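[1] turn this into a structure:
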Amino acid sequence: MKGRNDGLLYAGPATVFLFFVLFVPLLYVVYTSFWTASGPSLSAYQRLFGSALFLRTLWSTFEISISAAAASMLLGYPIAMHLARQTPRKRAVYMVLVLVPFWTSILVKSYAFTVLLGRDGLVNQALSALLHTPVHLPMLFNRFGVIVGMTNYLIPLIVFPVLASLLAIDRSLYLASEIAGAKPPRIFFQITLPLSLPGVVAAALSTTVMSMGFFVIPALLGGRKDAMMSNLVDFYTREALDWNMASAIGVIMLGIVTVAALGADWFQKRDTRRASAGPASSSQKEGAFA
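    Okay, here's the model as predicted:
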């Protein structure tokens, strides 16, 4: 009984705070999406799914989010592998370097990318000097600029979950595979990648979900065809002044995020069940190279 009271004492204030700061506004958004001047109605949702602008923006949001998560994974996974091979002291230093861009304001970084990727930016100037001919690659106000800006922000969110999975791999598996004569590519595809999948899936889902809510990067680095759902919410609240439509978009995005979170939870539980049910997996991996 005392332990239960202690739990309420510690968790109670945080629960009350979250209720008023998170759940009350969320409930108000849901209420606003269904309530009109004439009473409860689904008109906002009907207008949204009949709107070509909404459907195009929703598809663009999925494309950009998945592309940014994939690009971040391709760049972040090798970084995580490099960190996993370092000593704890070196790893701590490198992890700080990975986090430095994450600590920088996303607004400041977006403006910095306009200097780097602009028509006469530093990247085009360097290419012009290298090729001895004027180069004006279109890297800004398009999909490329959005992906670059989002990838820069998301890489730390890839590195740390993947690094945790890599550090959890039994080192004896690598020793056994090397003794059996396995080459590095085979070791990677049969040991490293499969055993790091929990971290990969968690990182991919979290970065994809987080990408769906980006506002500053697509607003500053993207073009008209690269607007995301957050930019559409800004349009309905600041220009069209249609709070029903904006709230409906928020509810739809909440539903998408909830489904993604449930999928991640299901995958994690499935992986946990497999790990507990397969104690002989290590010996099977070792026998694969015999």
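[2] what's the burial count for residue 236?
    By other C-beta atoms under 10 Å, the residues close to residue 236 number 20. Using the backbone N, CA and C atoms, a C-beta is placed for each residue, glycine as well.
[3] now residue 163, nearest residue through space, not along the chain?
    residue 80 (4.3 Å; C-beta to C-beta, 6 or more residues apart in numbering).
[4] for the one helix or strand the one you found maps to, buried residues please.
    In this structure, residue 80 sits in helix 52-84 according to DSSP states H and E. Going by neighbour count (16 or more other C-beta atoms under 10 Å), the buried part of helix 52-84 is 54, 57-58, 60-62, 64-65, 67-69, 71-73, 76-77, 79-81, 83-84.
[5] where's residue 222 relative to residue 94, distance?
    31 Å (C-beta to C-beta, to the nearest Å).
[6] over to residue 32?
    46 Å.
[7] that older thread, who has more neighbours out of residue 222 and residue 94?
    Shown here are residue 222 and residue 94; by other C-beta under 10 Å, residue 222 has more neighbours (25 against 15).
[8] is the more buried one in contact with residue 147, as I believe?
    No - under the criterion of C-beta atoms under 8 Å, residue 222 makes no contact with residue 147, lying 9.5 Å away.
[9] phi and psi next, for residue 35.
    phi -110, psi 130 (degrees, to the nearest 10).
[10] I should have written residue 39 there, sorry.
    phi 120, psi -170.
[11] got the CA positions of stretch 250-270 in PDB?
    Below are the C-alpha coordinates for stretch 250-270, written out as PDB (Å, rounded to 0.1, in the frame of the first residue of the first chain):
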ATOM      1  CA  GLY A 250      -4.500  17.400 -36.900                       C
ATOM      2  CA  VAL A 251      -6.800  14.500 -36.000                       C
ATOM      3  CA  ILE A 252      -6.000  12.600 -39.200                       C
ATOM      4  CA  MET A 253      -2.200  13.000 -38.600                       C
ATOM      5  CA  LEU A 254      -2.700  11.900 -35.000                       C
ATOM      6  CA  GLY A 255      -4.500   8.700 -36.300                       C
ATOM      7  CA  ILE A 256      -1.600   8.000 -38.700                       C
ATOM      8  CA  VAL A 257       1.000   8.500 -35.900                       C
ATOM      9  CA  THR A 258      -1.000   6.200 -33.600                       C
ATOM     10  CA  VAL A 259      -1.100   3.400 -36.200                       C
ATOM     11  CA  ALA A 260       2.700   3.800 -36.700                       C
ATOM     12  CA  ALA A 261       3.300   3.600 -33.000                       C
ATOM     13  CA  LEU A 262       1.100   0.500 -32.600                       C
ATOM     14  CA  GLY A 263       3.000  -1.100 -35.500                       C
ATOM     15  CA  ALA A 264       6.400  -0.300 -33.800                       C
ATOM     16  CA  ASP A 265       5.100  -1.700 -30.500                       C
ATOM     17  CA  TRP A 266       3.900  -4.900 -32.200                       C
ATOM     18  CA  PHE A 267       7.300  -5.400 -33.900                       C
ATOM     19  CA  GLN A 268       9.100  -4.900 -30.700                       C
ATOM     20  CA  LYS A 269       7.000  -7.400 -28.800                       C
ATOM     21  CA  ARG A 270       7.400  -9.900 -31.700                       C
END
